[in-house]
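*Asks:* Sequence and predicted model, in that order:
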Protein chains: 4
Amino acid sequence: MPISKKTTTDKQAPGRRGELLATAAEVFAAQGYTATTVRRIADAAGLLAGSLYYHFDSKESMLDEILSTFLDELWAGYDAVLAARLGPRETLEALVTESFREIDRHRAAVAIYQREAKDLAGRPRFGYLAESQRKFERAWLGTLERGVADGTFRADLDVRLAYRFVRDTVWVAASWYRPGGAHSPEEIARQYLSMVLDGIAVRT
Amino acid sequence: MPISKKTTTDKQAPGRRGELLATAAEVFAAQGYTATTVRRIADAAGLLAGSLYYHFDSKESMLDEILSTFLDELWAGYDAVLAARLGPRETLEALVTESFREIDRHRAAVAIYQREAKDLAGRPRFGYLAESQRKFERAWLGTLERGVADGTFRADLDVRLAYRFVRDTVWVAASWYRPGGAHSPEEIARQYLSMVLDGIAVRT
Amino acid sequence: MPISKKTTTDKQAPGRRGELLATAAEVFAAQGYTATTVRRIADAAGLLAGSLYYHFDSKESMLDEILSTFLDELWAGYDAVLAARLGPRETLEALVTESFREIDRHRAAVAIYQREAKDLAGRPRFGYLAESQRKFERAWLGTLERGVADGTFRADLDVRLAYRFVRDTVWVAASWYRPGGAHSPEEIARQYLSMVLDGIAVRT
Amino acid sequence: MPISKKTTTDKQAPGRRGELLATAAEVFAAQGYTATTVRRIADAAGLLAGSLYYHFDSKESMLDEILSTFLDELWAGYDAVLAARLGPRETLEALVTESFREIDRHRAAVAIYQREAKDLAGRPRFGYLAESQRKFERAWLGTLERGVADGTFRADLDVRLAYRFVRDTVWVAASWYRPGGAHSPEEIARQYLSMVLDGIAVRT
DNA sequence: AATGAATGAGCTTTCATTCAT
DNA sequence: CATGAATGAAAGCTCATTCAT
């Protein structure tokens, strides 16, 4: 692990602004965006509510920056995986593993995303959320379809249902995952993949 | 089932009160409890905000009634399944099927539960949520452990991880499920069980 | 004078809303729009600040309604004068008299208009202010030009300067005029017209 | 006149302080004192809001310095006129001409004065505004009364009304006057005086 | 001289809730 | 049962001002 004075957060943005964003993300994740008051964020960051406005335009712009920063990083990882043009199973494994790594790095942002994305996607400012969801679907659904086509995945399953199944299964983990816990992201990914790919029942 | 003019909602309570609760549940599910204003509920129900207080003590008591009604029904179903003392696999199948039936009947309540339960469980008034979560865990985790013990389920999996996996897999469906859609709850249950038990990969 | 319980204001809008607008206009006129806090308006009206928002969307919408109501009435009067197609001198006299009547009826609104119109006219919501200013100029300037053309008014004066001179001379009166004072609007109009038309110097 | 790099403003105070005051005056005039934020002044001057406090005690003290500087100069001019003990008509002409010269030199300050003086005069710090208004009235009203007494001005006019008429006529010009425009201050004064003294109607 | 960061008071606005009618 | 009007607390945000560097 690199030498760092930060102990509380998963954000990487430097300076005061970055610290404040990390604090805000933590509080948003814990209580929900709407239920979070600016005062609570300020309390958690050790300054007064009004002082946050020296750094940010609004509560909403904090949320915006948290989510867009996270999505940028997420897509950097996903795009790298997709660009490798692996087979369907290997792609799925890589996407799942990458996802758990992102959860590990941006737990708060992921939790916020899960809770708020659906409501937010409609607002112009958060249009990139809707776009991200479309790319998301294309990536996962495409991988599954390729796998069905080449005999890697079962053909008797509704592929859209399977998509939702895999997608949700992975991301909901952000609601209980705690970085630094018993399992590394890679270990969790391995277990999840084992269940998703082979099932929990013993083979007969 | 009583004669009812209602066509839009999943609530069963009769009369105006029931209609209003159903409307409230729909709005809570769509926008989140905190972000929902009493005025919006009133608008959706066709009366003025203040008039809701003739029927209910508070916004919180609406939420309370929605969630407790749902949980009462859920546990009626779950308890019946558990009382049947089936084998682990059959119990799991029955619980999953029952869960999708509940999602079908109480979609809004389930969505609210998913979003808000964690924050709410701490408050005294909603203590039953925490209790329900404990019963929940006991039921599912117990079933999985029995299944591992008798060789029905794979022994090489982290059983707590598997519990979360199955739990999330089922309930997150409430976030996209629409009653009256292409699949019946039983059909969705069958597909989910197939994936959870046997995996999505083709057996080699 | 009609039977009326109102004693404080010049506004005619009925009901609570109208009373509140009249109070707001008075305070805006006395302290300036920006310097007026919503709390002060509420104090003057005898309710709490938040309660104003049951009647109005925002502080700005109060201002909007005050100004647009005034301008609607003003233009009703002006248009009637212009439609009569009197000679230039008679038109000028009628416009000045009508203006002092409006000042008498809408003193607060006129004072607000004087202070704030220039800044406001740029905002989309108050676009009608700019439009009104253009109509205003057309009415007054046209009358003066007609008068110069037919020999009623002196030809050796800069007509645009004369326009500003007459316009300002009339409207600034709102800053010191008090309804119910020593002079009726018609009397003030007569004196103003006497000075504007014939000057204050004794004829030699 | 001292060598100066300033080209945009009417203030004479030398150095950074003077530049800043000129900028502040411009912004105050354009948006009103209350509606002007210290940040806007700082933006316009090219430094940060806090940095202004190295030069000035407070926003109010900027306003104070702007207004008192202007009034000092104005009264230097007025007092010179009054000391000359001219006849009523010549005094009036000289006062009007001097006024337009002041508008030319201190346009922003005059505009601020017009907008804010009434509210400000009550505060102890700005007591000199009230005093100036009294001197003002004495000078103008006295001149008019002398003129009525010696037959220079018409005796059939309400002299207080005439005073307000002349006063407003002159000063409101600050709201539209732009230095460097088509008319010199002296030219505008001549036209105004022509209208005020002889009226706009053709003599019959 | 000027900056970056913060304070603290006060602002406009929102909202759950109350209550006479 | 419902409305119209209000309350009062708290929310998000603004802004003049301060101060260590």
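*Replies:* Yep, that arrived.

*Asks:* Chain neighbours aside, what residue packs nearest to A:Trp140?
*Replies:* The shortest distance from A:Trp140 to any non-neighbouring residue, by C-beta to C-beta, 6 or more residues apart in numbering or on different chains, is to A:Tyr163 (5.4 Å). Where you see a C-beta, it was placed from the backbone N, CA and C, and this is true even at glycine.

*Asks:* where in chain A is pLDDT low?
*Replies:* A:1-13 (pLDDT under 70).

*Asks:* in chain A, which spans are helices?
*Replies:* A:15-31, A:38-45, A:52-55, A:59-83, A:88-105, A:107-120, A:127-149, A:159-171, A:185-198 (DSSP state H).

*Asks:* so, in contact with chain B or not, the second one?
*Replies:* It refers to helix A:38-45. No. Using C-beta under 8 Å from any C-beta of the partner chain, we find that helix A:38-45 stays clear of chain B, coming within 12.9 Å at best.

*Asks:* ok, is that helix in contact with DNA strand F or not?
*Replies:* Yes. Helix A:38-45 reaches DNA strand F (C-beta under 7 Å from any atom of the strand) through A:Val38, A:Arg39.

*Asks:* what's the angle from that helix to helix A:59-83?
*Replies:* Helix A:38-45 and helix A:59-83 are oriented at 70 degrees to each other (axes from the mean of the first three to the mean of the last three C-alpha atoms, to 10 degrees).

*Asks:* for chain D, what are the nearby residues on chain A?
*Replies:* So chain A never meets chain D (C-beta under 8 Å from any C-beta).

*Asks:* from chain A, which residue is nearest to DNA strand F?
*Replies:* Closest approach of chain A to DNA strand F (C-beta to the nearest atom of the strand) occurs at A:Gly50, with a separation of 2.5 Å.

*Asks:* contacting residues around the residue nearest to A:Trp140?
*Replies:* A:Glu137, A:Trp140, A:Leu141, A:Leu144 (C-beta atoms under 8 Å, 6 or more residues apart in numbering or on different chains).

*Asks:* surely A:Arg107 meets A:Pro179?
*Replies:* Yes. With contact defined as C-beta atoms under 8 Å, A:Arg107 counts as touching A:Pro179 (6.0 Å).

*Asks:* Next, format the helices of chain A as CSV and append distance to D:Ala76.
*Replies:* Output for these, formatted as CSV (distance: least, C-beta to C-beta, whole Å):
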stretch, distance to D:Ala76
helix A:15-31, 52
helix A:38-45, 53
helix A:52-55, 44
helix A:59-83, 52
helix A:88-105, 71
helix A:107-120, 64
helix A:127-149, 62
helix A:159-171, 77
helix A:185-198, 79
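
*Asks:* ok, the residue nearest the centre of chain A - contacts?
*Replies:* In chain A, the centroid-proximal residue (C-alpha atoms, centre = their mean) is A:Val110; its distance is 3.6 Å. By C-beta under 8 Å, 6+ apart, the contact set of A:Val110 is A:Phe70, A:Glu102, A:Ile103, A:Trp171, A:Ala174.

*Asks:* ditto for A:Glu116
*Replies:* A:Gly32, A:Tyr33, A:Leu63.

*Asks:* Just want the residue of chain A that's nearest chain D.
*Replies:* Here chain A gets closest to chain D at one residue, A:Tyr54, 10.7 Å apart by C-beta to the nearest C-beta.

*Asks:* Quick check: closest non-adjacent residue to A:Ala111.
*Replies:* A:Ala29 (4.0 Å).
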